[in-house]
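K.L.:
Provide a 3D model corresponding to the input given below.
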Amino acid sequence: MADKLSGQWETDQEHGKNENFKKYHTAIGLGADVVDQFSKVRDALEYEINGTKMTCKVLIGGKVIKTYDDIEEGKEVSIEGVDGKPCLFCYRIKNGKWVETYKPGDGKGIEVETTKVVNGNKLTITHNIVGKDIAYTYTATKK
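P.N.:
You can find the predicted model right below:
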């Protein structure tokens, strides 16, 4: 799975055009202004995987806006979440899927599990709020 995920993936459309976009982002606690701003974004994710370590870059408009370096599979680390707050992040490969977990750094709030599935040059990303029936799915194409 890791070898399939390596490379750069660009979202297929603006995030706001995907089903459940607003419902999901409101449920995780993002303000209306941030949800509106993010709804107009098409971003890209660039993965470099070296053994059990992963580096991910988030790009908007071709510019790197965030880099997560040398994160080890199965090891929980503190990163900055989409809301700018610290969160605990971990990735692992489970049943042939790339699975990420995001937990609030202070232990309070929403936990999210994200699955990433590669099928040819398409990446399907699904964010699920743990304990709630709210999910947000979108696709990206390998560049």
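K.L.:
Backbone dihedrals for the most centrally placed residue in the chain, both of them.
P.N.:
For the chain, Thr114 is the residue whose C-alpha lies nearest the centre (C-alpha atoms, centre = their mean; 6.5 Å). When quoted as degrees, to the nearest 10, the phi and psi of Thr114 stand at phi -110, psi 130.
K.L.:
same deal with Leu5?
P.N.:
phi -80, psi -20.
K.L.:
Check the gap between the residue nearest to the centre of the chain and Gly62 for me.
P.N.:
Distance, Thr114 to Gly62, by C-beta to C-beta, to the nearest Å: 24 Å. Just so you know, the C-beta spots here come from the backbone N, C-alpha and C atoms, and that holds for glycine as well.
K.L.:
same deal with Leu88?
P.N.:
30 Å.
K.L.:
of those two, who's got more company?
P.N.:
Between Leu88 and Gly62, counted using other C-beta atoms under 10 Å, the more crowded position is Leu88 (17 against 7).
K.L.:
OK, contacts around that one?
P.N.:
Glu76, Val77, Ser78, Ile79, Thr101, Tyr102, Lys103, Pro104, Gly105 (C-beta atoms under 8 Å, 6 or more residues apart in numbering).
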